[in-house]
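Chemist: model this:
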Amino acid sequence: MNLIFYMAVTLTVFLVVSLLLAPVILRPSPAARRMLAMVRSNRPDERYVGSKERLQEKILSMGRGLRVRFGLLADEKVTQQLLSAGIRTSRGISAYGASRILVPLLGLAGGSLIHSNTIFWALSLAAVGYLLPDMWLRNKIKKRNERIRRSLPDALDLLVICVEAGLGLDQAMLRVGQELSLSHPDIHYEFMQVNLEQLAGKPRLEAWKSAAVRTRIPEFSLFVSMLTQADRFGTPIVRALSRFGDEIRLKRKQRAEEMAAKSKIKILFPLVVFIFPCIFIVLLAPAMLNIAKNIQTMQ
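Modeler: Predicted coordinates for the structure are as follows:
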């Protein structure tokens, strides 16, 4: 009995001493206190949330609820397409998912307001509303790919300069991405994403291949293949970049010449429809008026 009593007293004293010393023992280090002082903010959150932002949040939350209810969650293919279009935030992905549901419903509601052939117009507008988000997404992907294709020669020239100056390939891509943040934001994002993936532990070749999958541009895929072969076989990277840059500039020149040659054919339709009638009116109208006037005087 005395042994149990002494053990209980000892445990009680230990707990009391531990509680008294806990603030001293568990006190954060000076470095941790400095970090907490830097990230801590005593400023109250006074950001005003407008009615437009509230409406957008309600629409997005409703779209997310409908997607979950009907099981229309974004699959890997749709997510990859959104990344290729430059839509990376969860808000943008939710907005696209909500549009795939709300736009057909709006088309169905608009078609039901038409009194003649109501079923036909409702189904037609719903089908058009279902296709509109995909058409918009494909158009956005096409425009972004074209911007990356145009910025690739400039990025290659800067890469050659950085590598010749003594930087490694990873540091050169990081520096080029930083330099192109204003003039070419799309290629800036791809280079920075490759650097972040490597910092997260992803191998270099896999990070490059992921960038090629995101962009889905033949020139960028060739660029990644060239870097992969140069890294695998030990080819001088400066020589490979210079030759590839020359090929890309030649392809860009050929593409510009092709578009210039196509413009001669494309201009025929507006020329025949809009310009030739005006020329005929200007040239033939006075003659026709003179002929009509002479016929009237002869009568």
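
Chemist: and Ala240, what does it touch?
Modeler: Applying Cβ atoms under 8 Å, 6 or more residues apart in numbering, one finds that Ala240 lies in contact with 226-227, 229-230. Just so you know, the C-beta spots here come from the backbone N, C-alpha and C atoms, and that holds for glycine as well.

Chemist: Pipe those residues into TSV and attach neighbour count per row.
Modeler: Written out in TSV, the entries for the contacts of Ala240 read as follows (neighbours: other Cβ atoms under 10 Å):
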residue	neighbour count
Met226	17
Leu227	22
Gln229	12
Ala230	18
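
Chemist: which two in the residues you listed are spaced the farthest apart?
Modeler: For those, the maximum inter-member distance is 7.5 Å, found between Leu227 and Gln229 (Cβ to Cβ).

Chemist: circling back to that earlier point, quick check: of the contacts of Ala240, which lies closest to Gln198?
Modeler: Each of the contacts of Ala240 was checked against Gln198 using Cβ to Cβ; the closest is Leu227, at 12.8 Å.

Chemist: residues contacting the closest one?
Modeler: So, once contact is read as Cβ under 8 Å, 6+ apart, Leu227 ends up touching 169, 208, 237, 240.

Chemist: Please compute how far stretch 138-147 lies from its chain's middle.
Modeler: The chain centroid and the centroid of stretch 138-147 are separated by 9 Å under Cα atoms, centre = their mean, to the nearest Å.

Chemist: got it, and stretch 215-224?
Modeler: 16 Å.

Chemist: in that stretch, what counts as buried?
Modeler: Residues of stretch 215-224 classed as buried by neighbour count (16 or more other Cβ atoms under 10 Å): 215, 217, 219-224.

Chemist: Need the phi and psi values for Leu180.
Modeler: In terms of degrees, to the nearest 10, the main-chain angles of Leu180 are phi -100, psi 20.
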